[in-house]
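Student: Sharing a model prediction with you, sequence too.
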Amino acid sequence: MSFLGSSVNKIFNIIYKLQNKKIYKYEQNLCKCSKNLLPKQEFEEIKKFWKKFDSNYKGYEHIKYYIMSGEVNKLYIPDSYFYKYIDYYYNNWVKLKILDNKCLYKFYFNNVKQPETIAMKVDNFWYLNDKIITLDALKNELVKEKEFVVKISCDSEGGKGVKFYSEINKDFDEFEKNHRDLIIQKVIKQSPIMAKLNNSSINTVRVMTFKSDQEIKCLSTIVRFGEEGKRVDNACSGGLVVGVEPDGRLKDVIYKPKIYKKVETKSNNVNYHEIIVPKFQYILNKAIELHSKINFSRIISWDFAIDENDDIVLIEANFYYGELFFHQLCNGPLFKTEDELLSILNEVNKGK
């Protein structure tokens with residue numbers, strides 16, 4: 001059994017490395033724009049710095065950050081390097097694969113409010129109140145709900161695995177049939193303050209935490225919200241992102257990453273910069289507290305909603321692929337000093 005388990009882990013590691021290599025190449029070619037956009041001397045300095053850690057460094061990603069933010073800064077971590085090396089080094093993807101299941105959140109995140117669960121599908125079995133039920137029995141239960149949300153409980157990303165329903169229809173039947181692991185939850189009624197950003201989507205606060213040898217700390221916090229009429233806040237679905245000041249106030253600049261564009265900070269008679277995230281410090285403390293319960297992952301991105309009672313609601317824990325680009329775009333480099341960044345890069349480089 002030990003030999004079999006070891007072999008399975010090795011196979012998973014090979015798969016993840018190949019997957020990571022593919023992502024690396026994709027990110028490297030994501031923004032092949034003219035290198036002349038960056039001042040030559042500054043570009044050469046950035047290139048010299050990163051070539052020491054990544055022989056394949058091209059510079060396109062720093063140009064991308066420059067186009068979007070207007071800032072030239074070698075401390076920006078290239079997305080490709082982050083996902084191929086840093087994220088993979090600090091997070092044990094093989095072991096986290098088991099934890100990355102929303103159906104299990106109630107067991108190891110029992111100290112934070114979560115959306116109310118109606119039913120769960122685990123390994124093709126439907127459960128209601130921890131008892132196995134038939135699909136027909138599930139549908140009879142869902143008829144009682146005015147609206148519900150169905151989520152892929154494993155490996156969902158970009159809002160693609162989230163569906164809202166007000167009735168059982170052919171789309172629901174198709175979605176249910178095609179996924180072995182799902183969770184059905186009641187729809188959150190969000191805080192009126194967060195609804196000002198967009199009242200059709202559940203807008204979330206994303207906090208990235210990092211576990212070092214000494215402490216767990218928050219590296220960056222952003223708010224994500226959907227376009228008018230959209231139900232999800234994910235940027236790849238057209239959503240918007242904005243950084244958060246230390247006091248919880250939203251920053252001046254809002255971005256629409258899908259089209260690499262800044263947007264106005266005032267829309268629908270709402271000045272976004274005047275919005276202060278409710279219970280902001282509590283959210284940061286809760287993210288740190290939750291991270292302390294998780295092993296095998298030193299970098300986690302947490303998604304929190306705020307309900308109509310201003311209670312904090314955990315939506316998702318991203319144990320890998322925590323959307324570095326959004327954090328750095330809104331808040332600048334993830335690590336703020338060269339010494340801090342070098343300590344990370346040197347540690348990761350030794351572990352390659």
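Tutor: Ah, there it is.
Student: Just after the host helix or strand of Ile46, pick out the following helix or strand.
Tutor: Assigned by DSSP states H and E, Ile46 belongs to helix 40-51. Following helix 40-51 in sequence order, the next helix or strand is helix 60-69 (DSSP H and E).
Student: just the angle between that next one and helix 40-51, please?
Tutor: Computed by axes from the mean of the first three to the mean of the last three Cα atoms, to 10 degrees, the angle separating helix 60-69 from helix 40-51 equals 130 degrees.
Student: what's helix 60-69 packed up against?
Tutor: helix 2-28, helix 324-331 (3 or more Cβ pairs under 8 Å, 6 or more residues apart in numbering; DSSP states H and E). All C-beta spots, glycine's among them, are computed from the backbone N, C-alpha and C.
Student: average model confidence for the first one?
Tutor: Model confidence over helix 2-28 averages 56 on the pLDDT scale.
Student: Break this protein into its domains for me.
Tutor: As given by automatic domain parsing, the domain ranges for the chain are 2-91, 117-186, 190-319.
Student: ranking those domains by burial, who's on top?
Tutor: Among the domains of the chain, ranked by average contacts under mean count of other Cβ atoms under 10 Å, first place goes to domain 190-319 (a mean of 18).
Student: pLDDT of that domain, averaged?
Tutor: 91.
Student: Show the end-to-end separation of that domain, please.
Tutor: End-to-end distance of domain 190-319 (Cα to Cα, to the nearest Å): 25 Å.
Student: any chance of the domains of the chain in a markdown table, with distance to Phe335 too?
Tutor: Converted to a markdown table, the domains of the chain look like this (distance: least, Cβ to Cβ, whole Å):
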| stretch | distance to Phe335 |
| --- | --- |
| domain 2-91 | 7 |
| domain 117-186 | 25 |
| domain 190-319 | 8 |
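Student: Let me know which of those is the nearest to Phe326.
Tutor: Closest of the domains of the chain to Phe326 is domain 190-319, at 4.7 Å (criterion: Cβ to Cβ).
Student: Centre of the chain to the closest one, how far?
Tutor: Put simply, domain 190-319 sits 10 Å off its chain's centre (Cα atoms, centre = their mean, to the nearest Å).
Student: With stretch 325-343 instead?
Tutor: Averaging C-alpha positions (Cα atoms, centre = their mean) puts stretch 325-343 17 Å from its chain's average.
Student: Quick one: residues in contact with that stretch.
Tutor: Here stretch 325-343 makes contact (Cβ atoms under 8 Å, 6 or more residues apart in numbering) with 65, 68-69, 71, 73, 75-77, 79, 206, 208, 219-222, 224, 235, 241-244, 251, 253, 255, 257, 301, 324, 344.
Student: Same check on stretch 42-52?
Tutor: Outside stretch 42-52, the residues that touch it by Cβ under 8 Å, 6+ apart are 35, 38, 57, 59, 62, 72, 74, 78, 81.
Student: One more pass at 6 Å, please.
Tutor: Contacts to stretch 42-52, defined as Cβ atoms under 6 Å, 6 or more residues apart in numbering, come from residues 57, 59, 62, 72, 74.
Student: mind checking how far Phe125 is from Ile184?
Tutor: Distance of Phe125 to Ile184, given as Cβ to Cβ, to the nearest Å: 14 Å.
Student: how about stretch 326-344: buried residues?
Tutor: Neighbour-count burial for stretch 326-344, counted by 16 or more other Cβ atoms under 10 Å, picks out 326-335, 341-342, 344.
Student: show me what contacts the closest residue in space to Ile133 that isn't next to it in sequence?
Tutor: Excluding the flanking residues, the one nearest Ile133 by Cβ to Cβ, 6 or more residues apart in numbering is Trp126, at 5.2 Å. By Cβ under 6 Å, 6+ apart, the contact set of Trp126 is 119, 133, 138.
Student: The same query, at a cut-off of 7 Å, please.
Tutor: Trp126 sits next to 119, 132-133, 135, 138 when contact means Cβ atoms under 7 Å, 6 or more residues apart in numbering.
Student: Among the residues you listed, name the ones in helices.
Tutor: Cross-referencing the contacts of Trp126 against helices under DSSP state H gives 135, 138.
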